[in-house]
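Novice: Here is my input; please provide its structure:
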Amino acid sequence: MPAGTATTWPVGVNTWVWTSPLTDRSLAEIAPRVAGWGFDVLELPVERLGDWDPQRAARLLADHGLAASVSLVMGEGRELVATDGGTVRATQDYLRAVVDAAHTVGARVIGGPAYASVGRTWRTTAQERADACAELVENLAPVVEHAIAAGVVVGLEPLNRYETSLVNTVDQALAIVTPLPAEGIGLMLDVYHMNIEERDLPAAVERAGARIAAVQVCGNDRGAPGGDGIGWPALLAALEQAGYDGPLVIESFTGENATIATAASIWRPLAASQDALALEGLAHLRGLMP
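Specialist: As a prediction, the model looks like this:
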């Protein structure tokens, strides 16, 4: 590690490495396994409300000494911009419910592209983009207010150009979150997307600074972090300089599930096994820390 880097971050893993959608049964299988391997955090996606029970999940994680983080999921029909009022209200209701689930499991952040469904892209003029961003700020405001009341932060995640046309970079995301209260909204940085969209990853982390709410990590091929083209020591040094002390959560996906494989473009195995992906990533991240 570069001189002066002394932070030890909690390391987490998203259940998407093994399954989609997450259920109470699959969570009961995954939690003891990842706890035994030495993970600190398990990230729980909320694809559909009711897929897993937050109170049951809270008890399970506590039994295994795991903290929680929560992923919001912007599937088809979830939109906060350039859509009708009913869709906006339904999406706000979904996001508020995800905040409530996070509060129940003790997660401090819900993270994801809380603006438009993944895969939705459209061309805009400069004025149309400005209008869409203003609309997004307005429609996020009541969700952020609810999050503050629950002690949860919304982590707005920039996605790569193939998955959205609205928020691709740290700077674009900052333009959205800056008008809103810092105690209720920040950025979720995902190294996979950043590696596509940012010219300089540590510099982008530096610009995000104190607004970083959550960090997801994987290799540049969406496999395990480590042995890939990302400059991990410099990236972690930038996170330390920014004052980020939350978890580094491995997010990858299984090609065994047809829906998620298609959505995430997983056309080949990314490791010898999904367990190996998680274990290799954990070992790499731990090896970068004091």
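Novice: same for the helix or strand of the chain with the lowest mean pLDDT, what does it pack against?
Specialist: Every helix and strand of the chain was ranked by mean pLDDT, DSSP states H and E. The lowest is helix 258-263, at a mean of 82. The helices and strands touching helix 258-263, judged by 3 or more CB pairs under 8 Å, 6 or more residues apart in numbering; DSSP states H and E, number zero. Yep, even glycine has a C-beta here, placed from its N, CA and C like the rest.
Novice: outside of it, which residues touch it?
Specialist: 16, 20, 118, 119, 253, 254, 255, 266, 267 (CB atoms under 8 Å, 6 or more residues apart in numbering).
Novice: which parts of the helix or strand containing residue 285 are buried?
Specialist: Here residue 285, judged by DSSP states H and E, is contained in helix 274-287. Using 16 or more other CB atoms under 10 Å as the burial criterion, the residues of helix 274-287 that qualify are 274, 277, 278, 279, 280, 281, 282, 284, 285.
Novice: I'd like to check what contacts it. Which residues are they?
Specialist: Helix 274-287 has contacts (CB under 8 Å, 6+ apart) with 9, 11, 13, 17-18, 33-34, 37-39, 217-219, 223-227, 232, 248, 250, 252, 254, 256, 270-271.
Novice: Please flag which of these sit within helices.
Specialist: When those are checked against helices (DSSP state H), the matches are 33, 34, 37, 232.
Novice: out of those residues, which is most surrounded?
Specialist: Most neighbours among those, by other CB atoms under 10 Å: residue 34, with 24 neighbours.
Novice: Give the full set of residues in contact with that one.
Specialist: 13, 42, 66, 278 are the contacts of residue 34 under CB under 8 Å, 6+ apart.
Novice: now, the most widely separated pair of these?
Specialist: Within the contacts of residue 34, 66 and 278 form the most distant pair, 13.4 Å apart (CB to CB).
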